[in-house]
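1. quick one: sequence and predicted model below, then my questions.
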Amino acid sequence: MKEENSFITSANLDGLPFLYEKIEKMTEQYGEAVIAKAKLLLEEAFVNIVSYAYEDEEQNVVRLELNFNSDPDKLELRFVDKGKPF
């Protein structure tokens with residue numbers, strides 16, 4: 001069964017703890033190794049978006065979409081933002 005979840009947070013580093021909490025809850029059944037990998041992927045991508053996608057100081061948002069089956073090898077993190085591509 002495929003499960004999908006979407007979360008929106010501010011496009012600044014203050015949004016990272018919120019996303020950590022969400023990803024931990026979504027992956028806790030798969031164990032610490034999967035949680036650690038998911039959090040690392042989340043942090044790398046989110047920090048890149050926050051650091052490079054926006055030139056202005058306006059309030060911007062990032063949407064994280066988590067998609068996975070019961071197989072933890074199939075976890076997908078998709079980030080959606082309106083910043084400049086890189």
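-> In hand now; what should we look at?
2. elements contacting the least confident helix or strand in the chain by mean pLDDT?
-> Within the chain, no helix or strand scores below strand 3-10, which has a mean of 82 by mean pLDDT, DSSP states H and E. Judged by 3 or more Cβ pairs under 8 Å, 6 or more residues apart in numbering; DSSP states H and E, strand 3-10 is in contact with helix 16-27, strand 61-68. C-beta: built from backbone N, CA, C; applies to glycine.
3. repeat the analysis, applying 10 Å as the threshold.
-> Under the contact definition 3 or more Cβ pairs under 10 Å, 6 or more residues apart in numbering; DSSP states H and E, strand 3-10 sits against helix 16-27, strand 61-68, strand 76-80.
4. report the contact partners of Val80.
-> Ser6, Ile8, Ile49, Val61, Val62, Arg63, Leu64, Glu65 (Cβ atoms under 10 Å, 6 or more residues apart in numbering).
5. ok, now Leu13?
-> Applying Cβ under 10 Å, 6+ apart, we find Leu13 in contact with Glu43, Phe46, Val47, Val50, Ser51.
6. with Thr9 instead?
-> Contacts of Thr9 (Cβ under 10 Å, 6+ apart): Gly15, Leu16, Pro17, Phe18, Leu19, Lys22, Phe46, Val61, Val62, Arg63, Leu64.
7. redo these as JSON lines? Include pLDDT.
-> JSON lines is the format used below for the contacts of Thr9 (pLDDT from 0 to 100):
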{"residue": "Gly15", "pLDDT": "93"}
{"residue": "Leu16", "pLDDT": "94"}
{"residue": "Pro17", "pLDDT": "95"}
{"residue": "Phe18", "pLDDT": "94"}
{"residue": "Leu19", "pLDDT": "94"}
{"residue": "Lys22", "pLDDT": "92"}
{"residue": "Phe46", "pLDDT": "94"}
{"residue": "Val61", "pLDDT": "92"}
{"residue": "Val62", "pLDDT": "93"}
{"residue": "Arg63", "pLDDT": "93"}
{"residue": "Leu64", "pLDDT": "92"}
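8. which among the residues you listed end up buried?
-> Neighbour-count burial (16 or more other Cβ atoms under 10 Å) is assigned, among those, to Gly15, Leu16, Leu19, Lys22, Phe46, Val62, Leu64.
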